[in-house]
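Student: okay, predicted coordinates and the sequence, questions at the end:
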Amino acid sequence: MGFNQGQLEASLKDAHQLIKDGKIKEASPLDTSDAFQNLCYASRTGDLKVCQESILSGVNINARDTFDNTPLMLSSLCGHYEVVQLLLESGALCERDTFQGQRCLYNALNHRIRNLLLQYDYSKSADLLQPFASHISSLLRHASPNTSDICLSAASTSWNLHKFILSARSSYFSKNLQSSPASATWRLVNVPAEAYQVVIQYLYLGAVPTDLGLTNESSVTVDEVLAGIDKASKQLGIESLWEGILAGNDKRLARQRHQDDVEQGRDQIEEWYHSNIIRHKLVVDTSRAQEVKWIRDNVIFADVLLRADEEVNEEEHKSGQNTPTVPNPLGRLNGILIDPAMNSRSPSRARKPRKSVLFPVHRAMLTRSGYFQTMFESNFQEARLTEYLHIITVDCSPEVLEIILNYLYTEKADIPIELAIDVLFAADMLFIELLKTKAATVISTIGHGSSGLAGRLHTEGEETEVEPINVYDVIRAGWLLNIRRLEEFSARFLAYRLEDYIDEPDFEELIKESASRIEKRQETDTIELLDDIRYYLSERFRLRFEDPGLDGMMNEGEIDAEAAQAISESAGSDFKDEAIEVKDLPPPIEGVKSIEDVPTVPSEFKTLDGEVVSDEFAADAINYQTLLSTIDNLLDRLKLDA
């Protein structure tokens, strides 16, 4: 059924009024902050590193600037495919029936970007907290593995729940469970079970049903359930539930309210996680880690310990540095029993011990990992309940394990580029696909660095930028884990820095590995890595050759300096006879007193083979052919045909 113009205008007016009253959020609010302006500029210029850093810092990627431009629209208009992909994966909105969504599609610079927007079908811009909220809600339904540690009962109905979720979400349970952490059952006040069902569903980040869960067989009325919800929400300290009930049946308000409730719930669990789990992590000597005894009835309701060992420092181990260690207090701390034998030796004969970190965690959150889900569902020892918590060793560093736990508990993954590959392998080992994707995204964005690409050859005298990652490790990780995104990133990374890498022995070894990945290789078989490098090498220089007319000569074979320079000069001669009317001269440059002080463009450019030319485009044309020849020479030296 269609709507006439009057209905549409009324609906639009109501929506604007709801936004003005603060009841629903604007999809693309105006943002004039410097952080957002930096994101917009990076989206226009295609700076993946700055875009990723801005997203990680919490900048709203769906905001708009003073010209009504969103970062997604700017990157789409300017043709930066990788930036568009990053923004879409990070939750950028591109709704088909909105003004901003239509602008993105209409202004897409090329079909590749347009197809990417269509591939997302304007529906993958989903709530990024949905996987987190879905897992928390699923804990009410999944009986295996059994991760509950408290049973709530009302009338003839009972629910198997989790103390840490109740403590994080309800001030009532936080206070009472803290004083009696060993409680396994809890009797609720005289309120209809249907009311408590709605309350518990809300605590577990589920949407409040419009029918309040009542059926024809229900023995209570709607008014009784509403009265029960009002009483229970006040008792448990969750007044926001009653506010959601009062929102009525408006779908927009209900959807906005649920998103706000999920975000609030995530923030509460995150605060509880940092105040309890991270605060109570235990650092011990690796040799004594298995001697730690942590009782099950502890005040943070942990039911398993995850252990991560520090990496062995070979130099310190060989030098045998003697450093005193702090004695551990004897006794009980938060349910931890410290063995008297764990006291330190005297400083005179003590070596610096290797450390391990123990994290007290909950199986309910670990089951977001397929590895732990299978472990706790099986008959392994770790699935059995004992007096003291099981210690499970995870093969990664403590820093990487903390990043994994941050993701499992908060859906946040602030991954430093230095640890990105380690997080990638750990996420693959634990079957956490979304975290694996996030790590690959960090590598393929921040890993690009901030150096100029095509202009790298004309920065003589400048200090070479230190690369943030080892590209050889990245491409081998892409091969091993079958992540095409990392393979493409590595090929592009090498192509834009080929003159720095092509003479390295490690690069030759990498080409050999790529060739050997084809079983029963024939002479006519190609080398995938070299094909990708050639493609991105062509892209690197082609962008600079399109205007002066050198693009066509790139595919014609060898080109000398005179030919390249002649074409470049002829391209510029078309503008010699055009008169330029100067109305307003720019202000004088500060600090410049004479024409000699004005910085000039270099009149000569040195190519990779040592030849000096007077035109930058001619130098790039020669450098392109030189790099291709170097690749061919490398293949001849390795006796490979590709």
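Tutor: Here it is on my side, so go on.

Student: where does the stretch 201-350 of the chain have low pLDDT?
Tutor: Low-confidence segments of the stretch 201-350 of the chain, defined by pLDDT under 70: 210-211, 213-218, 246-252, 313-350.

Student: now do the helices in it.
Tutor: With helices called from DSSP state H, counting those that start in this stretch, the stretch 201-350 of the chain shows them at 222-236, 239-246, 251-272, 314-319.

Student: highest average neighbour count across these?
Tutor: For these, the largest average neighbour count (mean count of other Cβ atoms under 10 Å) is found in helix 222-236, namely a mean of 18. (Glycine included, C-beta is placed from N, CA and C.)

Student: what angle do that one and helix 239-246 make?
Tutor: 160 degrees (axes from the mean of the first three to the mean of the last three Cα atoms, to 10 degrees).

Student: contacts for helix 222-236, please.
Tutor: Identification of contacts with helix 222-236 by Cβ atoms under 8 Å, 6 or more residues apart in numbering yields 170-173, 188-189, 191-192, 194-196, 198-199, 212, 214, 239, 241-242, 245.

Student: put the buried members of these into a ChimeraX selection.
Tutor: ChimeraX command restricting those to the buried ones, with burial defined by 16 or more other Cβ atoms under 10 Å:
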select :170,172,173,188,191,192,194,195,196,198,199,212,214,241,242,245
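
Student: so who does residue 273 touch?
Tutor: Here residue 273 is in contact with 168, 405-406, 409-410 (Cβ under 8 Å, 6+ apart).

Student: most neighbours among these, please name it.
Tutor: residue 409 (24 neighbours; other Cβ atoms under 10 Å).

Student: work out for me the element that one sits within.
Tutor: helix 398-410 (DSSP states H and E).

Student: where in the stretch 1-150 of the chain is pLDDT low?
Tutor: Using pLDDT under 70, the stretch 1-150 of the chain drops low at 1-27, 95-101, 121-127.

Student: walk me through the domains of this structure.
Tutor: Here the domain parsing of the chain from automatic domain parsing is 8-126, 132-274, 280-315+323-414, 451-459+467-571+600-642.

Student: closest to residue 445 out of the ones you listed?
Tutor: domain 8-126 (3.9 Å; Cβ to Cβ).

Student: check the offset of the closest one from the chain's centre.
Tutor: Chain-centre distance of domain 8-126: 18 Å, with Cα atoms, centre = their mean, to the nearest Å.

Student: coming back round to it: between the domains of the chain, which one is closest to residue 426.
Tutor: Nearest of those to residue 426, taken as Cβ to Cβ: domain 280-315+323-414 at 4.4 Å.

Student: what is the end-to-end distance of stretch 480-488?
Tutor: End-to-end distance for stretch 480-488, by Cα to Cα, to the nearest Å: 14 Å.

Student: please read the previous query as pertaining to stretch 129-143.
Tutor: 23 Å.

Student: residue 388: what's it in contact with?
Tutor: By Cβ under 8 Å, 6+ apart, the contact set of residue 388 is 293-296, 337.

Student: ok, back up a step: now tabulate the contacts of residue 273 in JSON lines and tack on distance to residue 362.
Tutor: As requested, the contacts of residue 273 are exported to JSON lines (distance: Cβ to Cβ, whole Å):
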{"residue": "168", "distance to residue 362": "11"}
{"residue": "405", "distance to residue 362": "10"}
{"residue": "406", "distance to residue 362": "14"}
{"residue": "409", "distance to residue 362": "9"}
{"residue": "410", "distance to residue 362": "13"}
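
Student: mind checking the SS state of the closest residue in space to residue 209 that isn't next to it in sequence?
Tutor: In space, and not counting its chain neighbours, residue 209 is closest to residue 198: 7.1 Å by Cβ to Cβ, 6 or more residues apart in numbering. Look at residue 198: counting by DSSP: H, G, I helix; E, B strand; the rest coil, its state is helix.
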